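Q: Got a sequence here, can you model it:
(2 chains)
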Amino acid sequence: MAADDDDCERMTPSRRAVLGAASALFAWSYMPKFAHAAAGSRDARFLLVVLRGALDGLSAVPPLGDPNYADLREGIALAKDGPDAALPLDGFFYLHPAMPNLARLYARGQASIVHASATGYRERSHFDGQDVLESGQGGPGKTESGWLNRLIASLPAGEAVSRHGALGVGVVPPLVVRGSAPVLGWAPPRMARAGADLVQRLGDLYGERDPALALVLKRAIETELIASRQGAEQPRGGGGPDSAEGMKRIAEGAARLVGAEDGPRIAALAFEGWDTHANEGGAKGRLATLLGGLDGALATFESGLKPVWKDTVVMVVTEFGRTARVNGTVGTDHGTGTVAFLVGGAVKGKRMIVDWPGLKPEQLHEQRDLKPTTDIRAVAKGVVADLFGLSGPVLAEKVFPGTSGLAPMQGLVV
Amino acid sequence: MADWSDPRLKMLALQRFGLGLKPGQGGNVADVRERLLAEIRNEGAPQPRVSFSGAAPIGRALYAFEDEERAAREAKRVATQQGGQQGVQVAAAPPMPGQPQGQMQAPAQPVPQFPQAIYREEVVARVQGALEAETGFAERLVQFWSNHFCVSVAKGNFVRAMAGTFEREAIRPNIFGRFEELLVAVESHPAMLNFLDNQLSIGPDSRAGKRRGRGLNENLAREIMELHTLGVSGGYTQADVTSLARIITGWTIVGRDARLGFPGSFAFNPGLHDPGGQRLLGKVYRQEGKEKGMAALADLARHPSTASFIARKLARHFVADEPPPALVAELARVFRETGGDLAALSRTLVTSELAVAAPATKLRTPQEFLVASFRALGRKPDFGQIAGPLGVMGQQLWQPSGPDGYPDSNAAWATPEGIKTRIDVAAQLGRQAAGSVADPRALVEEVLGPLASAQTRQAVARAESKPQALALLLMSPEFQRR
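A: From the prediction side, this is the model:
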């Protein structure tokens, strides 16, 4: 370039200088660890997996002991025996045969299943349903921040959780982690990374001209630094978040960052494709493939987070369930009650957490959907209260506003 | 009135409502208002040049492709069975009649399969059209409506082959007509019927429903009201969803048998239609056959909730995540008073003081960013140069993850990973274009002109290389925000 030489000299820092500058920017993450908030309190990890599209809970965890199940599910019902038998849980509930890893973790006491659950949302829009699930608000339309982000913002500064922030996986991170507390971003790499010098120059330019972009870029650099200390990069390419391969890659990446000593303690990620209106399939087929992908991701978390697995809870949730009765096209339409999974070494497992409403027509919500009898927010409040020591009032006012009448569920965590 | 003599405002208007400046336009900011308005034409948006002309020929070719696939699979299955039995059989069975000879010996061809080949051609043609456009206002409206009424090629081969023709047939001719015409064109297009499963939906009391014991699929009906017209809080209930689903039973796609028309095109099939009257939003519809659905769509198109929903979404897309309420109110008023005249709506948008004079806060979407970059750099990209960057930035053409389309807010796109990925793309574009751009500093003047800040000019001038200078230009706040 034809700019004058002095400027060029000054503006072309050595690689060492770039690294130094970048590190200085994030010195807060290298500070010596302060004592944790309370002696003996654990350095917990929490991963939230959002299944977008509304998971059919009656297929994922079929109530084969319910006499009305098989009739409602003609063409997609699962069975207790035969070549593709569902996997036994407690004798009444079974697990979809595409999820052997979850069955194993359940049997070992490292997974619990919440059934007939939902948020407080009772309409059937995916997008409002996901907004309610992730914003933690009583209704749709309040999407400035997500409940995990407000959770971090509510913790005392200096705790491992607030010091390291949350990880939002994906080019567009889930709403549940968006907000004022720092969010790190990561997505499976698919293109050659730009040079550090260009990034540094843009950081300078944004610093002078665009504070909002400066902040997001700073957070991106921070995540990359953590990832680079965790060893080799993942291979590029691969499927999206609606494929088994893509789910595995996302889980590997999230585990790598969350498992790091200086990595985020909380992560949110999303798997897609659960909107099974037509040809949902039974033991094999479309939903089975997706459940197999989720099962593989859970196994990946288990192996990838091995050193901290005993302090980990993975919570799997979806915006709502699907119709109890199969629809006119061998699929299911938007419904209400569904399942959620709690998986991890910190889970007090091998339990079905359920107040079963039954499947007779008059027992269904609006004579159509599995009736929700457990509020998933009580489950989420119980888990994060035990993992991170949040008080009931903070949870009821900040994290899940307007839920003072909804007590955190006790005893979900060991 | 906005001060249309201010060169900064005129340049910003070109960025806000158009696709970004090209160097050949020489930073021309004369007559910006008139140039934007000139793209509002009765015939709609310009049509990209492709070799296939519409749903019917694509449908026919798609069915032929699927038949060949099935035959090849069957032949392979038969051959495998025979191969497995050769050890115990004295002589191999004779080939099946009609089995293509040498099928198994044919080497795998790297040629993309038919649906992907069509998709590739459509993607390149669409981007090429965007690069040729003058200001690109009409193209931006196509992108807006195409995302509002989105389909996704992730659904399968049918939508993959039809997504481009859906935009060409249902969207482009209607973006300056009445909203009702656009709505009917969209909801009756085979791509939309397939994407939201309506061709599978059968009236429970129809002839087919009684015979086969199959029934409704309410997917399309729900999204028509939630996403296409009234909006989620537009005042409908689950009962209305079920009613509309019954009303549009029989809106389907002609099969390979050509019984109802050209294979792959739209047809109304009375054998699938739920007979009798239906109550929707308090009104009973008793029309015969397809007319019932036409009447319901006409009323949904004129509903005041639809006017407000579209007005807000349009202002949000072009102006700000939280658009000025007075602008939204004005757009809704024009929509209502003109009966959904989209030319009038577009004129209001592009001339409203509130829309023109608002500060540049919105980050370009990945698609807007890539097209603006190609225009600025004078590139003529191939499929891989389009699909690669769009894929990593999370906005592949016609492939949103759900029927609500791609997000349209800074919260979605101005994310750590999103910006980092954008920088990777800018670095690659800079490397690709470095040989053809003479002087990046001159390019700043041509594509940003009076919008360029002193800091951006300085950063470009002091870059260590030409590729880096170009990447800095593309990633500058003034290029990113509109």
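Q: where does residue A:113 land in three-state SS?
A: Three-state assignment for residue A:113 (DSSP: H, G, I helix; E, B strand; the rest coil): strand.
Q: residues near it, how many?
A: As a burial measure, residue A:113 scores 26 neighbours (other CB atoms under 10 Å in any protein chain shown). Backbone N, C-alpha and C define where each C-beta goes, glycine included.
Q: what's the answer for residue A:72, then?
A: Neighbours of residue A:72 using other CB under 10 Å come to 20.
Q: okay but residue B:479 is in contact with residue B:473, surely?
A: Yes. Look at residue B:479 against residue B:473 with CB atoms under 8 Å: they come within range, at 6.2 Å.
Q: so what sits against both of the two?
A: By CB atoms under 8 Å, 6 or more residues apart in numbering or on different chains, residue B:479 and residue B:473 have these common neighbours: B:376, B:447-448.
Q: re earlier: more neighbours: which of residue B:479 and residue B:473?
A: residue B:473 (28 against 24).
Q: Report the contact partners of the more buried one.
A: Listed by CB under 8 Å, 6+ apart, the contact partners of residue B:473 are B:376, B:440, B:443-444, B:447-448, B:456, B:460, B:479.
Q: ok, 7 Å please
A: Applying CB atoms under 7 Å, 6 or more residues apart in numbering or on different chains, we find residue B:473 in contact with B:440, B:443-444, B:460, B:479.
Q: any chance you could map the helices in the stretch 151-300 of chain B?
A: For the stretch 151-300 of chain B, the helices defined by DSSP state H, counting those that start in this stretch cover B:157-166, B:179-187, B:190-195, B:207-212, B:219-223, B:238-247, B:290-302.
Q: That should have said the stretch 101-250 of chain A, apologies.
A: A:126-135, A:147-154, A:160-164, A:196-209, A:211-229, A:244-258.
Q: any idea how the chain splits into domains?
A: In the absence of a named chain, this looks at chain A. As assigned by automatic domain parsing, chain A contains the domains A:41-189+A:240-399, A:191-233.
Q: please go with chain B instead
A: B:7-28+B:363-480, B:39-79+B:116-177, B:304-356.
Q: which one of the ones you listed lies closest to residue A:104?
A: For these, proximity to residue A:104 was assessed by CB to CB; domain B:7-28+B:363-480 is nearest, at 30.3 Å.
Q: Can you give me the first-to-last residue distance of that closest one?
A: Counting by CA to CA, to the nearest Å, you get 19 Å between the two ends of domain B:7-28+B:363-480.
Q: Disregarding residues adjacent in the polypeptide, which is nearest to the residue in the stretch 251-400 of chain B that chain A sits nearest to?
A: Nearest residue of the stretch 251-400 of chain B to chain A: residue B:394, at 3.6 Å (CB to the nearest CB). Leaving aside its chain neighbours, residue B:394 sits nearest to residue A:171 (3.6 Å; criterion: CB to CB, 6 or more residues apart in numbering or on different chains).
Q: so which residue of the stretch 251-400 of chain A comes closest to chain B?
A: Closest point on the stretch 251-400 of chain A to chain B, by CB to the nearest CB, is residue A:328, at 2.8 Å.
Q: residues contacting that residue?
A: B:201-202, B:214-217.
Q: Could you list the contact residues of the stretch 51-200 of chain A toward chain B?
A: A:52, A:124-128, A:170-173, A:178, A:183-187, A:190-195, A:197-199 (CB under 7 Å from any CB of the partner chain).
Q: and residue A:46, that's in a strand?
A: Yes. Secondary structure of residue A:46 (three-state DSSP): part of a strand.
Q: Pretty sure it sits against residue A:305.
A: No. Contact criterion CB atoms under 7 Å: residue A:46 and residue A:305 do not qualify, at 11.3 Å.
Q: about what we covered before: sec struct for the residue of the stretch 251-400 of chain A closest to chain B, please.
A: Residue A:328 is classified as coil under three-state DSSP.
Q: tell me how far stretch A:52-66 is from the chain's mean position?
A: 19 Å (CA atoms, centre = their mean, to the nearest Å).
Q: For the stretch 201-350 of chain B, just list every one of the strands.
A: With DSSP state E, counting those that start in this stretch as the definition, the stretch 201-350 of chain B shows strands at residue ranges B:251-253, B:266-268, B:278-280, B:283-285.
Q: between these, which one is nearest to residue A:140?
A: Checking these against residue A:140 by CB to CB gives strand B:278-280 as the closest, at 22.9 Å.
Q: how far away is residue A:217 from residue B:459?
A: 14 Å (CB to CB, to the nearest Å).
Q: likewise residue A:158?
A: From residue A:158 over to residue B:459 the distance is 37 Å, taken as CB to CB.
Q: more crowded one of those two?
A: Per other CB under 10 Å, whichever of residue A:158 and residue B:459 has more neighbours is residue B:459, with 24 against 14.
Q: helices or strands up against the strand or helix carrying that one?
A: For residue B:459, the host element (DSSP states H and E) is helix B:454-461. Identification of packing neighbours for helix B:454-461 by 3 or more CB pairs under 7 Å, 6 or more residues apart in numbering or on different chains; DSSP states H and E yields helix A:196-209, helix B:440-447, helix B:466-475.
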